[in-house]
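> Dropping the sequence and predicted coords here.
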Amino acid sequence: MSAAEVLVVANPPRARLSTRFLRSELKIIFGRRRNIAGLGVLAVVPVILAVSVRVSSGSQGAGPDFIVGITGNGLFVAFAALALELPLFLPLAVSAISGDAVAGEANLGTLRYLLAIPAGRTRLLVIKYAAIVIFAVAATFLVALVGSIMGLALFGAGDMTLLSGTQTSLADGLWRLVLSSLYLAAGFSALGAIGLFVSTLTEQPIGATIAIVLVNVLMFVLNSIAQLDWLHPWLLTHWWTAFGDLLRDPIATESIQRGLVTALVYASVFWVAAWARLSTKDISS
Amino acid sequence: MTSARADAPPIVTGGLTKRFRRQIAVDRIDLEVPGGAVYGFLGPNGSGKTTTIRMLLGLISPTAGEISLLGSKMPGGARSVLRRIGSLVEGPAFHLYLSGRANLARLDAADRYSDPRTSKVRIDSALDRVGLLAAAEKRYRAYSLGMRQRLAIANSLLMPRDLLVLDEPTNGLDPQGTREVRHLISELARDGATVLVSSHLLAEVEQICSHVGVMYEGRLVAQGPLSELRADTVQTVRVDTDRTEDAARVLTELGLSEITSSPGYVTATLGDVAIEKIVPNLVNACVPVLGFAILRPSLEDVFVSLTGEGFDVSG
């Protein structure tokens, strides 16, 4: 008997509940140079922001509330960076990862070997989506973390002045930052589900990524057309800027809640669409 | 290795059909691969072999017909039965920036049934079996075609398999590699596995296969033990002599057909004539018999006779 057979006779195969597959997936995502470079770009924005505000401090330039607030408390660098990366950078990162999820494997030809193991089509989609969500959280928190560190280093800690004018402690500010990051990550995860669906439609990962970015941009564009304001609450991206509500005192939860529900609905609908597509698809790649 | 239902042939299809838009790629084929056989799956390019293999593995759904793999109906039984099947379909495919070993580890990690504790040993053993152990840490991107092919074969050996479906396993391999793969297949068959090998290299198929199935334009035109397939075909007799006209006359009297004279020898189709009568008759007619041979058609001749001489892909 071969070595494999000897081993397997001694340890008969049985289905195990394990995170091996997910860990393997994460290793591929976070080990890929292209993705590391992308994360680097995400992280450099708060650095540039903090340094440029520091260097030009004195002139109170016009700008979004967050940037103006930076000189008061370094944590605002994190909020400002998130606001800056919200329209394009972060969605682009999530689009790249989610577009690659199934289309990338189809393009390489590795999809057929995964399915022949069998990895299971549904299980594959669950693992892929879990990896996308983890990436979305990691990317968002990376921006927040680098922003906080740069901000606190260059502008110091202290009481924060919230958008409603009241002061709060650093710890409270940090907590609100964590909540904001989680809220945004939820929104990006929903975009990731759209991405996963698009990824099942094609064998070209770049095409899938571009399509998802276009969907994202389209939603932003539609959101800015005043004549379509009946449509706005239905758009996923409409609720993303609501993270600013977490900086009010008291925290205004209405938009946050609606944003989370919208994200959940988008994520569910598109994950099921991806599942429906992949389950019946002929794999000829 | 025993299968769940030891009496069921490892692969049976009934009326398996696949239609793409207007083209019928696979037309009502009834494959039957007996247990323990090394089954050569042959056919010209475009005959539907790969489509059939993809249907067997549950990658493509059939338009009509049934598939039974190791006793279980496919694709419904995919989850329980595919883990006993190792496959190599349409060439190797791996992540370019992972090493050979990392690629195998990735596929092992995606397997619900593999034991993580034995993972390293099994991977090393599979790599060793295909001769890739020394190159295991190199990135897949740096592998030659032969190395990539070997890695794909190693992938099919990560767990003990009852059935192996190998699509052109020796593609790109050097002569040593080709020989090793032949030994490997024989070894696997000896250990009780069933192997389906799809190949164009008929000389190789002749060496290792016990059964063959021949596809042509989506239909299974021949299937059965290799010996039977050859016996069905026309046998030719060759008589070496310098008196070719006399020899030709004797052969005609005996009842052979298609007698062709060439300088120094005569060939004829044997037909139903008893072989042992030929030489005595020639000798009685004072025809000097310098050599006598029964030419068994090579598998290539059988193949071409079944699938036609044409060079163009059938579409």
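On my side now, so go ahead.
> Name the nearest residue to A:Arg34, sequence neighbours excluded.
A:Ala96 (7.9 Å; Cβ to Cβ, 6 or more residues apart in numbering or on different chains). All C-beta spots, glycine's among them, are computed from the backbone N, C-alpha and C.
> my guess is the one you found contacts A:Ala211, does it?
No: counting by Cβ atoms under 8 Å, A:Ala211 is not a contact partner of A:Ala96; they are 11.8 Å apart.
> so what's residue 24 scoring on pLDDT?
Here I'm looking at chain A. Looking at A:Ser24, its pLDDT is 96.
> I was after chain B.
94.
> does any part of the helix or strand where it lies sit near chain A?
Taking DSSP states H and E as the criterion, B:Ile24 maps to strand B:23-29. No: residues of strand B:23-29 contacting chain A under Cβ under 8 Å from any Cβ of the partner chain: none, with a closest distance of 10.7 Å.
> Give me the sheet partners of whatever helix or strand comes next after that strand and which way each runs.
Per DSSP H and E, strand B:23-29 leads on to strand B:32-33 as the next helix or strand towards the C-terminus. Paired with strand B:32-33 in the same sheet, following DSSP bridges, are strand B:11-20 (antiparallel).
> quick one, the strand it pairs with and strand B:23-29 angle?
Going by axes from the mean of the first three to the mean of the last three Cα atoms, to 10 degrees, strand B:11-20 is angled at 160 degrees with respect to strand B:23-29.
> in chain A, what residue is nearest chain B?
A:Gly109 (2.9 Å; Cβ to the nearest Cβ).
> residues contacting the nearest residue to that residue once chain neighbours are set aside?
In this structure, A:Gly109 finds its nearest non-sequential neighbour in B:Ala93, 2.9 Å apart by Cβ to Cβ, 6+ apart. B:Ala93 makes contact with A:Leu108, A:Gly109, A:Thr110, A:Arg112, A:Tyr113, B:Ala152 under the criterion Cβ atoms under 8 Å, 6 or more residues apart in numbering or on different chains.
> I'd assumed B:Ile67 was in a helix, is it?
No: the assignment for B:Ile67 (DSSP: H, G, I helix; E, B strand; the rest coil) gives strand, which keeps it out of a helix.
> Without its sequence neighbours, what residue ends up closest to A:Arg176?
Using Cβ to Cβ, 6+ apart, the closest residue to A:Arg176 is A:Leu246 (5.0 Å).
> pLDDT value on the one you found, please?
90.
> just B:Thr233 next, same as before
67.
> got it, and A:Gly61?
So A:Gly61 comes in at 52 (pLDDT).
> Likewise for A:Gly158?
Reading off the confidence values, A:Gly158 has pLDDT 75.
> my guess is it contacts A:Asn73, does it?
Yes: using Cβ under 8 Å, A:Gly158 is in contact with A:Asn73, at 5.7 Å.
> So between the two, which is more surrounded?
A:Asn73 (23 against 15; other Cβ atoms under 10 Å in any protein chain shown).
> So the more buried one lies in a strand, does it not?
No: going by three-state DSSP, the assignment for A:Asn73 is coil, not a strand.
> What are the phi and psi values at it?
phi -150, psi 130 (degrees, to the nearest 10).
> doesn't A:Asp159 make contact with it?
Yes: counting by Cβ under 8 Å, A:Asn73 does reach A:Asp159; the two are 7.1 Å apart.
> quick one: common contacting residues for these two?
A:Leu170.
> In terms of helix, strand or coil, where does the residue nearest to the spatial centre of chain A fall?
With distances taken as Cα atoms, centre = their mean, A:Ala136 lies nearest the centre of chain A, 2.6 Å away. Look at A:Ala136: counting by three-state DSSP, its state is helix.
> Please list all residues in contact with it.
A:Val94, A:Ala185, A:Phe188, A:Ser189, A:Leu191, A:Gly192.
> how about a cut-off of 10 Å?
A:90-91, A:93-94, A:97-98, A:184-192 (Cβ atoms under 10 Å, 6 or more residues apart in numbering or on different chains).
> Quick check: the residue of the stretch 201-315 of chain B nearest chain A.
Counting by Cβ to the nearest Cβ, the stretch 201-315 of chain B gets nearest chain A through B:Gly218, at 16.1 Å.
> ok, that residue touching B:Arg28?
Yes: B:Gly218 lies in contact with B:Arg28 (Cβ atoms under 10 Å); the separation is 8.6 Å.
> So for those two, which residues contact both of them?
B:Thr17.
> out of the two, which sits in the more crowded spot?
Per other Cβ under 10 Å, whichever of B:Gly218 and B:Arg28 has more neighbours is B:Gly218, with 23 against 15.
> Could you look up the SS state of the residue in the stretch 1-150 of chain B that chain A sits nearest to?
Among residues of the stretch 1-150 of chain B, the one nearest chain A by Cβ to the nearest Cβ turns out to be B:Ala93. It sits 2.9 Å away. Of the three states, B:Ala93 takes coil according to three-state DSSP.
> So what does it have for phi and psi?
Torsion angles, degrees, to the nearest 10, at B:Ala93: phi -150, psi 120.
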